[in-house]
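Q: fold the following and give me the result.
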Amino acid sequence: MLNRVQGIVLRSMDYGEGNKIITLYTRELGKVGVMARGAKKVKSRLGAVTQLFTNGDYVFFRQGQQLASLNSGEIIEPHHKLREDLYKSAYASYLVEMVDRMLGEEDRSLFLFDQLEAGLLAIEQDKDMQIVAHVFELKMLALAGYTPILDRCASCERTDELSAFSVSLGGAACINCRRQDHYAAPVADSTLRLMRLLQQVDLRRIGNVNVKDSTKAQLKHSMRLYMDAHVGIKWKARSFLDQMDKYDL
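A: Purely as a prediction, here's the structure:
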């Protein structure tokens, strides 16, 4: 069957002497693996459309459970800047890695496709990359059924004196209930307010934000704890970001 889709390249790897296998996240079919024959060759018409982060229109043939074969592609957004800048590339890689590793074959969400498309564009447009990544983490957590409770204590449901973020309780914890979790991360009220805001943000409408370093540090720590506990994946892109921060690359 011939398929025409809009897709974003999540992963691209060499196969054999001249071919590539790419993983697309598509609006129409969800996540799909596609063989691009001859894409590694210098003059291949498929070379550009199979590069990581590329957003394009793709035509591929698939029969039964066999790997699809790419016929043609037309670029909508090449995202050159995401591949040319080390930090942008790392953050963009984290976004596509989340989609690639948290979704099964042909898991489909139009909303998630729009958020991924907008998230990559926001990184390219110099929006705060850490904030974009946290918004996308929250979208992925919601899709997986692990939305953290942020507007009240996740244990007793009181809405005042929230002072920690607890993985085991499932979100914000008040000054009393935080004692139930010795590993709860202390957070300021401003951090919880920011997390609530980011939970509601549509990446298609995200603007420039100015967040204090201390708030971003608390946010990063809390999101790390929650992602690691509920998703449990060792992220390659996130590890690379940590290495860059460590050596100030």
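
Q: secondary structure element holding the residue most central in space within the chain?
A: Central residue of the chain (C-alpha atoms, centre = their mean): Leu95, 2.5 Å from the mean position. For Leu95, the host element (DSSP states H and E) is helix 86-102.

Q: relative to helix 86-102, how tilted is the following helix or strand past that helix?
A: Proceeding N to C from helix 86-102, the next assigned helix or strand is helix 110-124, under DSSP H and E. Interaxial angle, helix 110-124 versus helix 86-102 (axes from the mean of the first three to the mean of the last three C-alpha atoms, to 10 degrees): 170 degrees.

Q: name the helices or strands packed onto helix 110-124?
A: For helix 110-124, the packing partners by 3 or more C-beta pairs under 8 Å, 6 or more residues apart in numbering; DSSP states H and E come out as strand 2-15, strand 19-26, helix 80-84, helix 86-102, helix 129-144. In short, each C-beta sits where N, CA and C put it, glycine included.

Q: on the pLDDT front, check the residue of the chain positioned farthest from its centre for me.
A: What lies farthest from the middle of the chain is Asn176; by C-alpha atoms, centre = their mean that is 33.9 Å. If you check Asn176, the pLDDT there is 97.

Q: same thing with Thr26?
A: Listed pLDDT for Thr26 reads 97.

Q: number of residues surrounding it?
A: The number of residues packed near Thr26 is 20, by other C-beta atoms under 10 Å.

Q: swap in His80?
A: For His80, the neighbour count with other C-beta under 10 Å is 12.

Q: from Ile149, how far out is the residue nearest to the centre of the chain?
A: 24 Å (C-beta to C-beta, to the nearest Å).

Q: and the chain, what are its domains?
A: 2-78, 81-247 (automatic domain parsing).

Q: CA atoms of the helix or strand of the chain at the bottom of the mean pLDDT ranking as CSV?
A: Ranked by mean pLDDT, DSSP states H and E, the helix or strand of the chain with the weakest confidence is helix 236-247, at a mean of 89. Output in CSV follows, covering the C-alpha atoms of helix 236-247 (Å, rounded to 0.1, in the frame of the first residue of the first chain):
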residue,chain,number,x,y,z
LYS,A,236,21.2,9.3,25.7
ALA,A,237,20.6,12.9,24.9
ARG,A,238,20.1,13.9,28.5
SER,A,239,23.4,12.2,29.5
PHE,A,240,25.1,14.2,26.7
LEU,A,241,23.6,17.4,28.0
ASP,A,242,24.9,16.6,31.5
GLN,A,243,28.4,16.0,30.0
MET,A,244,28.3,19.4,28.2
ASP,A,245,27.2,21.1,31.4
LYS,A,246,29.9,19.3,33.4
TYR,A,247,32.7,20.4,31.1
